[in-house]
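J.: Please find the sequence and the predicted model below.
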Amino acid sequence: IRADRSSNANCATAMRIRGPLNSAALAAAFETLVRRHESLRTVFRVDDEGPIQLILETPESFFSIIDLSHDVGQDLENKARDLLRDEAEQPSNLSDGPLFKATLVRLSDTDHVLLINVHHIVSDGWSTATIFRDLEKLYDAYCANRPSPLPELTIQYADYAVWQRKYLNAQRLHDLLSFWNSYLAGVPLVLELPADKQRPAAQTYSGADLPVKFSSRLSGALNKLSQEQGVTLFMTLMAAFQLFISRCTGRNDILIGTDLANRNRVELEQLVGFFVNLLPVRIDLAGDPTFVELLERAGRSILSVYAHQELPFDKLVEELKPERDLRRNPVVQILFVMQNAEQRTLRLAGSSVEPFKVTNASSRFDLALFVSERENGLEGLWRYNSDLFAPETISKFAASFETLLASIVAKPLERVSTLAMESSAENKPNESAAAGSKTRQIRKTRRRSVDLGQLRTVKTGYLAPGKRLPLVVTPEVEEVDLVEWAGNNREVIE
(Lines give C-alpha, C1' and ligand atoms only; values in the text may rest on other atoms or scores of the structure.)
Protein backbone atom coordinates (compact mmCIF):
# COMPACT_ATOMS: atom_id res chain seq x y z
CA ILE A 1 0.00 0.00 0.00
CA ARG A 2 1.58 3.25 -1.11
CA ALA A 3 0.32 6.78 -1.59
CA ASP A 4 -3.28 7.22 -2.68
CA ARG A 5 -3.51 8.56 -6.20
CA SER A 6 -5.97 11.21 -5.05
CA SER A 7 -6.94 13.10 -1.93
CA ASN A 8 -10.60 12.04 -2.04
CA ALA A 9 -10.33 10.12 1.23
CA ASN A 10 -8.83 13.11 3.08
CA CYS A 11 -11.16 14.76 5.58
CA ALA A 12 -9.86 18.31 5.93
CA THR A 13 -11.33 20.79 8.41
CA ALA A 14 -10.01 24.35 8.58
CA MET A 15 -10.90 27.08 11.06
CA ARG A 16 -9.97 30.72 11.71
CA ILE A 17 -8.86 31.42 15.28
CA ARG A 18 -9.05 35.06 16.35
CA GLY A 19 -7.70 36.17 19.69
CA PRO A 20 -4.75 35.13 21.86
CA LEU A 21 -3.51 31.60 21.11
CA ASN A 22 -0.97 29.56 23.06
CA SER A 23 0.63 27.66 20.18
CA ALA A 24 2.92 25.65 22.50
CA ALA A 25 -0.09 24.41 24.50
CA LEU A 26 -1.90 23.59 21.26
CA ALA A 27 1.08 21.59 19.96
CA ALA A 28 1.29 19.68 23.24
CA ALA A 29 -2.44 18.99 23.09
CA PHE A 30 -2.08 17.49 19.60
CA GLU A 31 0.82 15.31 20.73
CA THR A 32 -1.18 13.94 23.67
CA LEU A 33 -4.18 13.40 21.39
CA VAL A 34 -2.14 11.27 18.97
CA ARG A 35 -0.67 9.21 21.80
CA ARG A 36 -4.15 8.73 23.29
CA HIS A 37 -5.76 7.43 20.08
CA GLU A 38 -3.81 4.66 18.36
CA SER A 39 -5.80 5.17 15.15
CA LEU A 40 -4.13 8.53 14.63
CA ARG A 41 -0.67 6.92 14.55
CA THR A 42 -1.62 3.87 12.52
CA VAL A 43 -0.29 2.93 9.07
CA PHE A 44 -1.23 0.10 6.72
CA ARG A 45 1.25 -2.15 4.94
CA VAL A 46 1.20 -5.43 3.01
CA ASP A 47 3.05 -8.60 3.89
CA ASP A 48 2.85 -12.13 2.49
CA GLU A 49 -0.55 -12.69 4.10
CA GLY A 50 -2.08 -9.42 2.87
CA PRO A 51 -2.75 -5.96 4.36
CA ILE A 52 -1.73 -5.43 7.99
CA GLN A 53 -2.25 -2.60 10.47
CA LEU A 54 0.77 -1.16 12.27
CA ILE A 55 0.59 1.19 15.25
CA LEU A 56 3.62 3.48 15.49
CA GLU A 57 5.06 4.00 18.97
CA THR A 58 6.51 7.43 18.28
CA PRO A 59 4.43 9.80 16.15
CA GLU A 60 6.16 11.24 13.13
CA SER A 61 6.11 14.97 12.45
CA PHE A 62 2.39 15.61 12.16
CA PHE A 63 2.09 19.14 13.60
CA SER A 64 3.66 22.11 11.82
CA ILE A 65 3.53 25.89 12.15
CA ILE A 66 3.82 28.27 9.20
CA ASP A 67 4.48 31.89 10.14
CA LEU A 68 3.20 34.46 7.61
CA SER A 69 3.06 37.36 10.05
CA HIS A 70 6.22 38.92 8.58
CA ASP A 71 4.97 38.86 4.97
CA VAL A 72 4.08 42.55 4.94
CA GLY A 73 1.92 43.90 2.13
CA GLN A 74 0.55 40.52 1.01
CA ASP A 75 -2.96 39.12 1.09
CA LEU A 76 -2.22 36.81 4.00
CA GLU A 77 -5.70 35.29 4.16
CA ASN A 78 -5.63 34.05 0.57
CA LYS A 79 -2.00 33.00 0.90
CA ALA A 80 -2.94 30.89 3.90
CA ARG A 81 -5.88 29.45 1.97
CA ASP A 82 -3.62 28.47 -0.94
CA LEU A 83 -1.04 26.87 1.35
CA LEU A 84 -3.63 24.89 3.26
CA ARG A 85 -5.43 23.83 0.09
CA ASP A 86 -2.19 22.34 -1.20
CA GLU A 87 -1.73 20.56 2.13
CA ALA A 88 -5.31 19.23 2.19
CA GLU A 89 -5.02 17.91 -1.38
CA GLN A 90 -1.77 16.04 -0.82
CA PRO A 91 -2.28 12.29 -1.40
CA SER A 92 -1.81 10.23 1.76
CA ASN A 93 0.87 7.58 2.11
CA LEU A 94 -0.91 4.71 3.84
CA SER A 95 2.23 2.68 4.47
CA ASP A 96 4.37 5.41 6.04
CA GLY A 97 1.88 8.03 7.24
CA PRO A 98 1.14 10.23 8.91
CA LEU A 99 -2.59 9.79 8.28
CA PHE A 100 -3.40 12.56 10.77
CA LYS A 101 -1.83 15.99 10.32
CA ALA A 102 -2.37 19.45 11.76
CA THR A 103 -1.05 22.70 10.30
CA LEU A 104 -1.23 26.06 12.06
CA VAL A 105 -0.75 29.21 9.97
CA ARG A 106 0.12 32.35 11.94
CA LEU A 107 -1.17 35.55 10.34
CA SER A 108 -0.52 37.72 13.40
CA ASP A 109 -0.24 37.39 17.17
CA THR A 110 -4.03 37.23 17.42
CA ASP A 111 -5.00 35.70 14.09
CA HIS A 112 -4.37 32.08 13.06
CA VAL A 113 -5.77 29.44 10.72
CA LEU A 114 -5.73 25.78 11.76
CA LEU A 115 -6.09 22.84 9.36
CA ILE A 116 -6.79 19.33 10.65
CA ASN A 117 -6.40 16.74 7.90
CA VAL A 118 -7.16 13.07 8.57
CA HIS A 119 -7.55 10.11 6.21
CA HIS A 120 -10.98 8.47 6.22
CA ILE A 121 -9.47 5.04 6.86
CA VAL A 122 -8.75 6.05 10.49
CA SER A 123 -11.62 8.44 11.23
CA ASP A 124 -15.28 9.31 10.63
CA GLY A 125 -17.70 12.13 11.46
CA TRP A 126 -18.22 10.99 15.04
CA SER A 127 -14.43 10.83 15.48
CA THR A 128 -14.12 14.47 14.39
CA ALA A 129 -16.33 15.52 17.30
CA THR A 130 -14.26 13.33 19.66
CA ILE A 131 -11.03 14.92 18.44
CA PHE A 132 -12.44 18.41 19.04
CA ARG A 133 -13.66 17.58 22.55
CA ASP A 134 -10.34 16.03 23.58
CA LEU A 135 -8.33 18.92 22.12
CA GLU A 136 -10.39 21.49 24.01
CA LYS A 137 -9.83 19.78 27.37
CA LEU A 138 -6.14 19.23 26.74
CA TYR A 139 -5.53 22.79 25.52
CA ASP A 140 -7.33 24.32 28.51
CA ALA A 141 -5.31 22.16 30.91
CA TYR A 142 -1.94 22.87 29.28
CA CYS A 143 -2.61 26.61 29.14
CA ALA A 144 -3.03 26.48 32.92
CA ASN A 145 0.01 24.19 33.39
CA ARG A 146 -2.20 21.34 34.54
CA PRO A 147 -1.79 17.68 33.50
CA SER A 148 -4.09 15.96 31.04
CA PRO A 149 -7.60 15.63 32.49
CA LEU A 150 -8.53 12.75 30.17
CA PRO A 151 -8.80 9.24 31.66
CA GLU A 152 -7.05 6.32 30.00
CA LEU A 153 -9.06 4.58 27.29
CA THR A 154 -10.04 1.02 28.19
CA ILE A 155 -9.92 -0.20 24.59
CA GLN A 156 -8.53 0.98 21.25
CA TYR A 157 -9.77 0.67 17.68
CA ALA A 158 -7.51 -2.34 17.06
CA ASP A 159 -9.36 -4.18 19.86
CA TYR A 160 -12.65 -3.46 18.12
CA ALA A 161 -11.23 -4.72 14.81
CA VAL A 162 -10.23 -8.03 16.45
CA TRP A 163 -13.66 -8.36 18.08
CA GLN A 164 -15.41 -7.66 14.76
CA ARG A 165 -13.44 -10.38 12.97
CA LYS A 166 -14.35 -12.90 15.67
CA TYR A 167 -18.00 -11.82 15.70
CA LEU A 168 -18.36 -12.16 11.94
CA ASN A 169 -17.66 -15.88 11.99
CA ALA A 170 -18.71 -18.12 9.13
CA GLN A 171 -22.21 -18.79 10.50
CA ARG A 172 -22.97 -15.17 11.37
CA LEU A 173 -21.65 -14.03 8.01
CA HIS A 174 -23.84 -16.60 6.26
CA ASP A 175 -26.94 -15.39 8.14
CA LEU A 176 -26.23 -11.74 7.31
CA LEU A 177 -25.60 -12.42 3.64
CA SER A 178 -28.75 -14.52 3.47
CA PHE A 179 -30.82 -11.63 4.80
CA TRP A 180 -29.29 -9.04 2.48
CA ASN A 181 -29.63 -11.22 -0.60
CA SER A 182 -33.30 -11.70 0.18
CA TYR A 183 -33.88 -8.06 1.15
CA LEU A 184 -32.35 -6.69 -2.05
CA ALA A 185 -33.64 -9.36 -4.43
CA GLY A 186 -34.95 -7.78 -7.63
CA VAL A 187 -34.19 -4.15 -6.76
CA PRO A 188 -32.30 -2.20 -9.44
CA LEU A 189 -28.84 -1.32 -8.12
CA VAL A 190 -28.64 1.90 -10.16
CA LEU A 191 -30.88 4.87 -9.33
CA GLU A 192 -30.55 7.62 -11.89
CA LEU A 193 -31.78 11.15 -11.22
CA PRO A 194 -32.35 13.46 -14.20
CA ALA A 195 -29.05 15.34 -14.47
CA ASP A 196 -28.05 18.67 -16.00
CA LYS A 197 -24.76 17.37 -17.41
CA GLN A 198 -23.46 14.19 -18.96
CA ARG A 199 -21.95 11.78 -16.44
CA PRO A 200 -18.11 11.67 -16.68
CA ALA A 201 -16.41 8.43 -17.75
CA ALA A 202 -15.05 8.07 -14.19
CA GLN A 203 -15.98 9.63 -10.86
CA THR A 204 -14.09 12.80 -10.03
CA TYR A 205 -15.77 13.18 -6.61
CA SER A 206 -16.32 16.87 -7.33
CA GLY A 207 -18.98 18.19 -5.00
CA ALA A 208 -20.79 21.25 -3.74
CA ASP A 209 -23.05 22.04 -0.79
CA LEU A 210 -26.36 23.81 -0.28
CA PRO A 211 -27.26 24.46 3.39
CA VAL A 212 -30.96 24.86 4.23
CA LYS A 213 -33.08 25.52 7.30
CA PHE A 214 -36.61 24.31 7.99
CA SER A 215 -38.99 26.51 9.94
CA SER A 216 -39.62 25.70 13.58
CA ARG A 217 -43.30 25.22 12.70
CA LEU A 218 -42.56 22.57 10.05
CA SER A 219 -39.95 20.94 12.25
CA GLY A 220 -42.40 20.73 15.13
CA ALA A 221 -45.12 19.31 12.88
CA LEU A 222 -42.77 16.59 11.63
CA ASN A 223 -41.87 15.65 15.20
CA LYS A 224 -45.54 15.58 16.17
CA LEU A 225 -46.45 13.34 13.22
CA SER A 226 -43.62 10.97 14.12
CA GLN A 227 -44.80 10.73 17.73
CA GLU A 228 -48.41 10.15 16.67
CA GLN A 229 -47.39 7.31 14.38
CA GLY A 230 -44.99 5.76 16.88
CA VAL A 231 -41.88 6.16 14.70
CA THR A 232 -38.66 8.14 14.92
CA LEU A 233 -38.13 11.44 13.15
CA PHE A 234 -35.48 9.70 11.04
CA MET A 235 -38.07 7.20 9.78
CA THR A 236 -40.48 9.99 8.83
CA LEU A 237 -37.82 11.98 6.99
CA MET A 238 -36.41 8.89 5.26
CA ALA A 239 -39.89 7.92 4.04
CA ALA A 240 -40.46 11.47 2.80
CA PHE A 241 -37.08 11.55 1.05
CA GLN A 242 -37.72 8.20 -0.62
CA LEU A 243 -41.08 9.50 -1.81
CA PHE A 244 -39.33 12.61 -3.14
CA ILE A 245 -36.78 10.52 -5.05
CA SER A 246 -39.56 8.26 -6.36
CA ARG A 247 -41.39 11.28 -7.75
CA CYS A 248 -38.17 12.61 -9.32
CA THR A 249 -37.25 9.31 -10.98
CA GLY A 250 -40.66 7.78 -11.70
CA ARG A 251 -39.64 4.60 -9.86
CA ASN A 252 -41.60 2.78 -7.14
CA ASP A 253 -38.85 0.45 -5.91
CA ILE A 254 -36.35 2.82 -4.27
CA LEU A 255 -32.98 2.10 -2.67
CA ILE A 256 -31.49 4.91 -0.57
CA GLY A 257 -28.36 4.65 1.57
CA THR A 258 -27.90 5.87 5.10
CA ASP A 259 -24.85 6.07 7.38
CA LEU A 260 -24.98 4.26 10.69
CA ALA A 261 -22.57 5.34 13.44
CA ASN A 262 -22.12 1.65 14.39
CA ARG A 263 -21.07 2.50 17.95
CA ASN A 264 -23.50 0.33 19.83
CA ARG A 265 -21.30 -0.06 22.93
CA VAL A 266 -20.49 2.64 25.46
CA GLU A 267 -16.76 1.86 25.22
CA LEU A 268 -16.75 2.77 21.51
CA GLU A 269 -18.20 6.24 21.95
CA GLN A 270 -14.90 7.84 23.01
CA LEU A 271 -12.73 6.22 20.33
CA VAL A 272 -11.34 7.70 17.14
CA GLY A 273 -11.63 5.34 14.18
CA PHE A 274 -13.66 4.41 11.14
CA PHE A 275 -16.78 2.76 12.55
CA VAL A 276 -19.49 4.13 10.26
CA ASN A 277 -21.28 1.65 7.99
CA LEU A 278 -23.33 2.37 4.88
CA LEU A 279 -26.73 0.65 4.87
CA PRO A 280 -29.06 0.44 1.84
CA VAL A 281 -32.73 1.01 2.78
CA ARG A 282 -35.37 -0.26 0.35
CA ILE A 283 -38.96 0.89 0.10
CA ASP A 284 -41.79 -0.06 -2.23
CA LEU A 285 -44.29 2.66 -3.12
CA ALA A 286 -46.49 0.40 -5.26
CA GLY A 287 -50.24 0.80 -4.88
CA ASP A 288 -50.16 4.54 -4.15
CA PRO A 289 -50.35 4.23 -0.34
CA THR A 290 -51.24 7.05 1.99
CA PHE A 291 -48.21 8.61 3.64
CA VAL A 292 -49.11 6.96 6.95
CA GLU A 293 -49.13 3.58 5.16
CA LEU A 294 -45.82 4.44 3.49
CA LEU A 295 -44.40 5.37 6.88
CA GLU A 296 -45.39 1.96 8.24
CA ARG A 297 -43.60 0.28 5.33
CA ALA A 298 -40.52 2.44 5.84
CA GLY A 299 -40.45 1.72 9.58
CA ARG A 300 -40.53 -2.06 9.03
CA SER A 301 -37.82 -1.83 6.37
CA ILE A 302 -35.52 0.33 8.51
CA LEU A 303 -35.91 -1.89 11.59
CA SER A 304 -35.06 -5.01 9.58
CA VAL A 305 -31.96 -3.27 8.19
CA TYR A 306 -30.89 -2.18 11.68
CA ALA A 307 -31.19 -5.77 12.87
CA HIS A 308 -28.62 -6.80 10.23
CA GLN A 309 -26.33 -3.76 10.32
CA GLU A 310 -23.12 -5.62 11.18
CA LEU A 311 -22.30 -6.61 7.62
CA PRO A 312 -19.71 -4.14 6.26
CA PHE A 313 -20.86 -2.43 3.09
CA ASP A 314 -17.77 -3.58 1.20
CA LYS A 315 -18.67 -7.20 2.00
CA LEU A 316 -22.19 -6.58 0.70
CA VAL A 317 -20.84 -5.19 -2.57
CA GLU A 318 -18.60 -8.24 -2.93
CA GLU A 319 -21.62 -10.48 -2.47
CA LEU A 320 -23.95 -8.61 -4.85
CA LYS A 321 -21.31 -8.27 -7.57
CA PRO A 322 -22.93 -5.29 -9.31
CA GLU A 323 -21.77 -4.46 -12.81
CA ARG A 324 -18.46 -2.63 -12.53
CA ASP A 325 -19.02 1.04 -13.33
CA LEU A 326 -16.35 3.67 -12.70
CA ARG A 327 -18.92 6.43 -13.20
CA ARG A 328 -20.91 5.88 -10.01
CA ASN A 329 -20.86 4.47 -6.50
CA PRO A 330 -21.85 0.78 -6.37
CA VAL A 331 -25.34 -0.18 -5.08
CA VAL A 332 -26.06 3.21 -3.43
CA GLN A 333 -25.96 6.47 -5.39
CA ILE A 334 -28.27 8.58 -3.20
CA LEU A 335 -27.83 9.08 0.53
CA PHE A 336 -29.98 10.34 3.41
CA VAL A 337 -28.46 10.79 6.86
CA MET A 338 -30.00 12.03 10.11
CA GLN A 339 -27.06 13.42 12.05
CA ASN A 340 -26.74 13.84 15.77
CA ALA A 341 -25.91 17.36 16.94
CA GLU A 342 -22.18 16.71 16.57
CA GLN A 343 -19.67 19.40 17.38
CA ARG A 344 -18.32 20.61 14.05
CA THR A 345 -16.10 23.47 15.22
CA LEU A 346 -13.33 23.57 17.77
CA ARG A 347 -13.87 25.81 20.80
CA LEU A 348 -10.81 27.32 22.45
CA ALA A 349 -11.01 29.37 25.64
CA GLY A 350 -10.26 33.06 25.09
CA SER A 351 -10.52 32.86 21.28
CA SER A 352 -13.30 32.92 18.71
CA VAL A 353 -13.28 30.08 16.18
CA GLU A 354 -15.13 30.05 12.87
CA PRO A 355 -15.03 27.80 9.78
CA PHE A 356 -12.44 28.68 7.13
CA LYS A 357 -13.11 27.33 3.66
CA VAL A 358 -10.07 25.74 2.07
CA THR A 359 -11.37 23.13 -0.36
CA ASN A 360 -14.60 22.41 -2.19
CA ALA A 361 -16.83 19.62 -0.97
CA SER A 362 -16.12 16.09 -2.14
CA SER A 363 -19.01 13.79 -3.04
CA ARG A 364 -18.89 10.07 -3.77
CA PHE A 365 -22.68 10.05 -4.18
CA ASP A 366 -24.81 11.68 -6.86
CA LEU A 367 -26.94 13.33 -4.18
CA ALA A 368 -26.98 13.32 -0.37
CA LEU A 369 -29.11 15.07 2.21
CA PHE A 370 -27.84 15.45 5.78
CA VAL A 371 -30.36 16.62 8.39
CA SER A 372 -29.70 17.55 12.01
CA GLU A 373 -31.95 18.74 14.80
CA ARG A 374 -31.13 22.09 16.38
CA GLU A 375 -32.80 24.20 19.06
CA ASN A 376 -34.65 26.33 16.50
CA GLY A 377 -35.65 23.50 14.18
CA LEU A 378 -34.20 21.19 11.58
CA GLU A 379 -31.21 22.11 9.46
CA GLY A 380 -30.17 20.37 6.27
CA LEU A 381 -27.20 20.16 3.95
CA TRP A 382 -27.65 19.07 0.34
CA ARG A 383 -24.35 17.70 -1.00
CA TYR A 384 -24.29 16.89 -4.67
CA ASN A 385 -22.05 15.81 -7.52
CA SER A 386 -21.24 19.08 -9.27
CA ASP A 387 -20.25 17.14 -12.41
CA LEU A 388 -23.93 16.21 -12.76
CA PHE A 389 -26.06 18.99 -11.28
CA ALA A 390 -26.19 22.77 -11.53
CA PRO A 391 -26.70 24.76 -8.30
CA GLU A 392 -30.11 26.00 -9.42
CA THR A 393 -31.32 22.40 -9.85
CA ILE A 394 -30.38 21.55 -6.28
CA SER A 395 -32.11 24.72 -5.09
CA LYS A 396 -35.27 23.50 -6.83
CA PHE A 397 -34.84 20.07 -5.23
CA ALA A 398 -34.57 21.69 -1.81
CA ALA A 399 -37.67 23.86 -2.35
CA SER A 400 -39.69 20.91 -3.70
CA PHE A 401 -38.72 18.68 -0.79
CA GLU A 402 -39.74 21.33 1.74
CA THR A 403 -43.08 21.75 -0.02
CA LEU A 404 -43.55 17.98 0.05
CA LEU A 405 -42.83 17.90 3.81
CA ALA A 406 -45.44 20.62 4.36
CA SER A 407 -47.95 18.61 2.32
CA ILE A 408 -47.19 15.47 4.33
CA VAL A 409 -47.79 17.04 7.74
CA ALA A 410 -50.96 18.73 6.46
CA LYS A 411 -52.43 15.60 4.83
CA PRO A 412 -50.73 12.44 6.12
CA LEU A 413 -53.79 10.32 5.27
CA GLU A 414 -53.80 11.36 1.61
CA ARG A 415 -52.47 9.14 -1.18
CA VAL A 416 -48.82 9.97 -1.81
CA SER A 417 -49.50 10.73 -5.47
CA THR A 418 -51.69 13.67 -4.43
CA LEU A 419 -49.13 15.32 -2.13
CA ALA A 420 -47.79 18.54 -3.62
CA MET A 421 -44.12 19.04 -4.36
CA GLU A 422 -44.45 22.50 -5.86
CA SER A 423 -45.97 25.62 -4.41
CA SER A 424 -49.14 26.88 -6.05
CA ALA A 425 -47.22 29.83 -7.52
CA GLU A 426 -44.63 27.51 -9.11
CA ASN A 427 -47.13 24.88 -10.12
CA LYS A 428 -49.54 27.16 -11.96
CA PRO A 429 -47.65 29.97 -13.65
CA ASN A 430 -49.70 29.62 -16.81
CA GLU A 431 -52.93 29.75 -14.84
CA SER A 432 -51.86 33.07 -13.32
CA ALA A 433 -51.14 34.44 -16.76
CA ALA A 434 -54.47 33.14 -18.00
CA ALA A 435 -56.24 34.74 -15.04
CA GLY A 436 -54.61 38.06 -15.88
CA SER A 437 -55.77 37.76 -19.48
CA LYS A 438 -59.34 37.01 -18.38
CA THR A 439 -59.27 40.03 -16.05
CA ARG A 440 -58.33 42.28 -18.96
CA GLN A 441 -61.15 40.80 -21.03
CA ILE A 442 -63.68 41.38 -18.26
CA ARG A 443 -62.60 45.02 -17.94
CA LYS A 444 -63.29 45.49 -21.64
CA THR A 445 -66.70 43.79 -21.46
CA ARG A 446 -69.79 45.96 -21.28
CA ARG A 447 -71.70 45.43 -18.05
CA ARG A 448 -75.26 44.14 -18.12
CA SER A 449 -77.83 43.72 -15.35
CA VAL A 450 -78.32 40.34 -13.72
CA ASP A 451 -81.26 39.06 -11.70
CA LEU A 452 -79.56 37.64 -8.63
CA GLY A 453 -82.78 35.98 -7.61
CA GLN A 454 -82.19 33.44 -10.36
CA LEU A 455 -78.88 32.36 -8.79
CA ARG A 456 -80.31 30.58 -5.77
CA THR A 457 -78.03 27.65 -4.88
CA VAL A 458 -79.89 26.06 -1.94
CA LYS A 459 -83.40 25.84 -0.66
CA THR A 460 -84.41 25.53 2.96
CA GLY A 461 -87.36 23.86 4.60
CA TYR A 462 -88.47 22.25 7.84
CA LEU A 463 -88.63 18.61 8.71
CA ALA A 464 -91.96 18.89 10.56
CA PRO A 465 -94.86 21.24 9.59
CA GLY A 466 -95.12 24.25 11.87
CA LYS A 467 -91.74 23.56 13.49
CA ARG A 468 -88.68 25.73 12.85
CA LEU A 469 -86.29 22.95 13.84
CA PRO A 470 -84.76 20.73 12.54
CA LEU A 471 -83.86 22.85 9.49
CA VAL A 472 -83.40 21.03 6.18
CA VAL A 473 -80.98 22.48 3.59
CA THR A 474 -81.08 21.01 0.07
CA PRO A 475 -78.69 21.95 -2.81
CA GLU A 476 -80.35 23.38 -5.89
CA VAL A 477 -77.30 22.76 -8.11
CA GLU A 478 -74.77 19.92 -8.16
CA GLU A 479 -71.73 22.17 -7.67
CA VAL A 480 -72.66 23.22 -4.13
CA ASP A 481 -70.59 21.82 -1.25
CA LEU A 482 -73.01 21.94 1.69
CA VAL A 483 -70.25 21.89 4.33
CA GLU A 484 -68.54 24.88 2.72
CA TRP A 485 -71.91 26.65 2.26
CA ALA A 486 -72.78 26.14 5.92
CA GLY A 487 -69.44 27.59 7.00
CA ASN A 488 -70.07 30.71 4.93
CA ASN A 489 -73.72 31.13 5.96
CA ARG A 490 -73.71 30.53 9.69
CA GLU A 491 -76.15 33.38 10.24
CA VAL A 492 -78.79 31.53 8.17
CA ILE A 493 -78.40 28.35 10.19
CA GLU A 494 -78.14 29.98 13.59
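T.: Right, received. Where do you want to start? Just so it is clear, the model here is predicted, and its values are computed rather than measured.
J.: Regarding the nearest residue to Glu310 once chain neighbours are set aside, which helix or strand does it belong to?
T.: With sequence-adjacent residues excluded and distances taken as C-beta to C-beta, 6 or more residues apart in numbering, Glu310 is closest to Leu176, at 6.3 Å. In short, each C-beta sits where N, CA and C put it, glycine included. Assigned by DSSP states H and E, Leu176 belongs to helix 170-183.
J.: What is that helix packed up against?
T.: helix 291-306, helix 313-320 (3 or more C-beta pairs under 8 Å, 6 or more residues apart in numbering; DSSP states H and E).
J.: I figured Asp288 hits Glu414, correct?
T.: No: the pair Asp288 / Glu414 is not scored as a contact, 10.2 Å apart, by C-beta atoms under 8 Å.
J.: Show me which of the two is the more surrounded one.
T.: Neighbours per residue, other C-beta atoms under 10 Å: of Asp288 and Glu414, the larger number sits with Glu414, 15 against 12.
J.: ok, and the closest non-adjacent residue to that one?
T.: Nearest to Glu414 is Thr290, by C-beta to C-beta, 6+ apart, at 6.2 Å.
J.: contacting residues for that neighbour?
T.: 412-416 (C-beta atoms under 8 Å, 6 or more residues apart in numbering).
J.: what does Gln242 give?
T.: 254, 256, 281, 283, 285, 298, 336.
J.: now, which of those sits nearest Ser351?
T.: Phe336 (35.6 Å; C-beta to C-beta).
J.: At the geometric centre of the protein, which residue sits there?
T.: Phe370 (1.1 Å; C-alpha atoms, centre = their mean).
J.: so that one sits in a strand?
T.: Yes: counting by DSSP: H, G, I helix; E, B strand; the rest coil, Phe370 is located in a strand.
J.: Beta-bridge partners for it, please?
T.: Val337, Leu381 (DSSP bridges).
J.: Isn't it up against Asn340?
T.: No: Phe370 is beyond contact range of Asn340, at 11.1 Å (criterion: C-beta under 8 Å).
J.: before we move on, which element is Arg165 in?
T.: Going by DSSP H and E, Arg165 is part of helix 157-167.
J.: Report the buried residues of that helix.
T.: 157, 160 (16 or more other C-beta atoms under 10 Å).
J.: roughly how far is that helix from the heart of the chain?
T.: Centroid separation for helix 157-167 versus its chain: 28 Å, with C-alpha atoms, centre = their mean, to the nearest Å.
J.: The contacts of Gln242 in strands, which ones?
T.: 254, 256, 281, 283, 336 (DSSP state E).
J.: just to revisit the earlier point, which residues are contacting the helix holding Arg165?
T.: 37-39, 42, 53, 55, 122, 268, 271-273, 275, 310.
J.: In ChimeraX, select just the buried ones from those.
T.: In ChimeraX, a selection of the buried entries from the contacts of helix 157-167 looks like this (16+ other C-beta under 10 Å):
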select :37,38,39,42,122,268,271,272,273,275,310
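J.: So which of the contacts of helix 157-167 are in helices?
T.: Using DSSP state H, no member of those sits in helices.
J.: wait, which of the contacts of helix 157-167 is closest to Val353?
T.: Val272 (20.1 Å).
J.: okay, the residue nearest to Glu310: pLDDT?
T.: Among the per-residue scores, Leu176 holds a pLDDT of 97.
J.: Contacts only, for it.
T.: 168, 308, 310-311.
J.: gap between Ser215 and Glu402?
T.: 9 Å (C-beta to C-beta, to the nearest Å).
J.: Neighbour count: these two, which is higher?
T.: Glu402 (18 against 13).
J.: ok, and for stretch 45-60, which residues are buried?
T.: Pro59.
J.: Also stretch 72-88?
T.: Under 16+ other C-beta under 10 Å, the buried positions of stretch 72-88 are 76, 80-81, 83-85, 87-88.
J.: is it true that Arg415 touches Gly287?
T.: No: using C-beta under 8 Å, Arg415 makes no contact with Gly287, being 9.4 Å away.
J.: Neighbour count: those two, which is higher?
T.: Here Arg415 and Gly287 are compared on neighbour count by other C-beta under 10 Å; more neighbours surround Arg415, at 14 against 10.
J.: Secondary structure class of the nearest residue to that one once chain neighbours are set aside, three-state.
T.: Among residues not flanking Arg415 along the chain, Asp288 sits closest, at 4.9 Å (C-beta to C-beta, 6+ apart). With three-state DSSP as the basis, Asp288 sits in coil.
J.: per-residue confidence for Asp288?
T.: Model confidence at Asp288 (pLDDT) stands at 97.
J.: Residue numbering should commence at 29 henceforth.
T.: Shifting the count to begin at 29 puts that one at Asp316.
J.: so where is this protein shaky, pLDDT-wise?
T.: 29-35, 369-372, 451-522 (pLDDT under 70).
J.: Recalculate using a threshold of 80.
T.: Scanning the chain for pLDDT under 80 picks out the ranges 29-36, 86-88, 100-102, 368-373, 451-522.
J.: surely Arg325 meets Phe319?
T.: No: proximity of Arg325 to Phe319 does not meet the contact threshold set by C-beta under 8 Å, at 10.5 Å.
J.: Which residues are in contact with each of those two?
T.: Joint contacts of Arg325 and Phe319 (C-beta under 8 Å, 6+ apart) are Ala267.
J.: who has more neighbours, the two?
T.: Phe319 (26 against 17).
J.: Pull the contacting residues for that one.
T.: Neighbours of Phe319 in contact, by C-beta under 8 Å, 6+ apart: 267-268, 271, 436, 439-442, 444, 447.
J.: could you redo the last one with a cut-off of 7 Å?
T.: Phe319 is in contact with 436, 440, 442, 444, 447, counting by C-beta atoms under 7 Å, 6 or more residues apart in numbering.
J.: Which of these ranks first by neighbour count?
T.: Ile436 (26 neighbours).
J.: Flag every buried residue along the strand or helix carrying that residue.
T.: Using DSSP H and E, Ile436 falls within helix 419-438. Buried residues in helix 419-438, counted by 16+ other C-beta under 10 Å: 421-422, 425-426, 428-437.
J.: angle of that helix against helix 319-334?
T.: 110 degrees (axes from the mean of the first three to the mean of the last three C-alpha atoms, to 10 degrees).
J.: Tell me the gap between helix 419-438 and the middle of its chain.
T.: Counting by C-alpha atoms, centre = their mean, helix 419-438 comes out at 15 Å from the chain centroid.
J.: which residues in the stretch 129-278 of the chain form strands?
T.: 139-147, 235-241 (DSSP state E, counting those that start in this stretch).
J.: and what of the stretch 379-522 of the chain?
T.: All strands of the stretch 379-522 of the chain, identified by DSSP E, counting those that start in this stretch, fall at 380-383, 395-402, 405-413, 486-490, 499-503.
J.: So what touches stretch 416-428?
T.: In contact with stretch 416-428 (C-beta under 7 Å, 6+ apart) are residues 223-225, 227, 236, 238, 240, 394, 410, 412, 449-450.
J.: Keep only those of the buried residues of stretch 100-116 that are in helices.
T.: Per DSSP H, the subset of those in helices is 104, 108-109, 111-113, 115-116.
J.: Could you dump the residues you listed into TSV with distance to Glu256 added?
T.: Formatted as TSV, those follow (distance: C-beta to C-beta, whole Å):
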residue	distance to Glu256
Leu104	55
Ala108	51
Arg109	49
Leu111	53
Leu112	48
Arg113	48
Glu115	50
Ala116	46
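J.: now, which of these sits nearest Ala42?
T.: Leu112 (5.8 Å).
J.: Great, nothing more from me.
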